[in-house]
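Colleague: sequence first, then the predicted structure:
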Amino acid sequence: MANGVQRMAHELIDAYFGHRAEKLEQINLEELLASANPHALCLHRVGQADELVESLLQETMRPFDEAALGEVLAGLRTQVSFDSDMVLIQLVRDYTGVQYIVHGTTLGRAMNRLCLSFLNRFSLADGSIDWKKLVRFAPHAGEQEKGEVPNGVRGG
């Protein structure tokens with residue numbers, strides 16, 4: 001019984017990571033910036049492109065991850081009755097940790113591709129982020145006058 005549950009968990013988690021890899025390969029900078037609020041990023045003093053892209057990527061992927069992992073857990077719950085959710089959580093957590101290592105290159109490639117795109121579009125000659133250009137581009141730019149950068153933040 002335990003081997004069957006473990007096998008099922010592995011299959012569901014493998015499917016999750018396959019779909020996650022597809023999403024990471026397809027995601028582009030415009031999608032990341034679509035829901036971004038550059039004013040909030042300015043306030044958090046994010047100053048490096050990789051930090052900013054990582055933050056945006058996490059926010060973009062969060063709904064997908066929550067829904068997909070929820071489906072994995074729900075799929076296992078419907079197939080097997082556990083005395084404790086902790087058994088299920090531990091089973092998923094152990095294998096998911098292994099898969100994050102295996103699939104880390106997919107995330108790394110996405111980060112590199114998105115950082116390069118971000119730097120090509122929104123960096124100044126000295127390597128700093130061109131906040132004025134980013135704020136003008138972002139969909140939430142109407143929250144302040146377009147091009148206005150919050151006080152205390154350097155920008156082009």
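Modeller: Arrived safely, thanks for sending.

Colleague: let me know the average pLDDT across the helix ranked longest in the chain.
Modeller: Longest helix in the chain, counting residues (DSSP state H): helix 49-79. In this model, helix 49-79 has an average pLDDT of 86.

Colleague: could I get the buried residue list for the host helix or strand of Arg136?
Modeller: Using DSSP states H and E, the element containing Arg136 is helix 131-137. In terms of neighbour count (16 or more other C-beta atoms under 10 Å), helix 131-137 has its buried residues at 131-135, 137. For every residue, glycine as well, the C-beta is placed using N, CA and C.

Colleague: looking at those residues, which is nearest Asn28?
Modeller: Proximity to Asn28 was ranked across the buried residues of helix 131-137 by C-beta to C-beta; first place goes to Phe137, at 13.5 Å.

Colleague: pretty sure that closest one contacts Asp130?
Modeller: No. Between Phe137 and Asp130 there is no contact under C-beta atoms under 8 Å: 9.6 Å.

Colleague: got any residues that touch both of these two?
Modeller: Among the neighbours of Phe137, those also in contact with Asp130 (C-beta atoms under 8 Å, 6 or more residues apart in numbering) are Phe122.

Colleague: now for the least confident helix or strand in the chain by mean pLDDT, which elements pack on it?
Modeller: The least trusted helix or strand in the chain, going by mean pLDDT, DSSP states H and E, turns out to be helix 38-43, with a mean of 72. If you count contacts as 3 or more C-beta pairs under 8 Å, 6 or more residues apart in numbering; DSSP states H and E, helix 38-43 packs onto helix 131-137.

Colleague: what's the spacing between the helix it packs on and its chain's center?
Modeller: For helix 131-137, the gap between its own C-alpha mean and the chain's C-alpha mean amounts to 22 Å (C-alpha atoms, centre = their mean, to the nearest Å).

Colleague: quick one: pLDDT of Asp126?
Modeller: 92.

Colleague: one more: Gln90?
Modeller: pLDDT, Gln90: 77.

Colleague: please apply the same query to Arg20.
Modeller: 92.

Colleague: against which helices or strands is the helix or strand encompassing it packed?
Modeller: Element membership for Arg20, per DSSP H and E: helix 2-26. Helices and strands touching helix 2-26, as assessed by 3+ C-beta pairs under 8 Å, 6+ apart, comprise helix 49-79, helix 85-102, helix 104-122.
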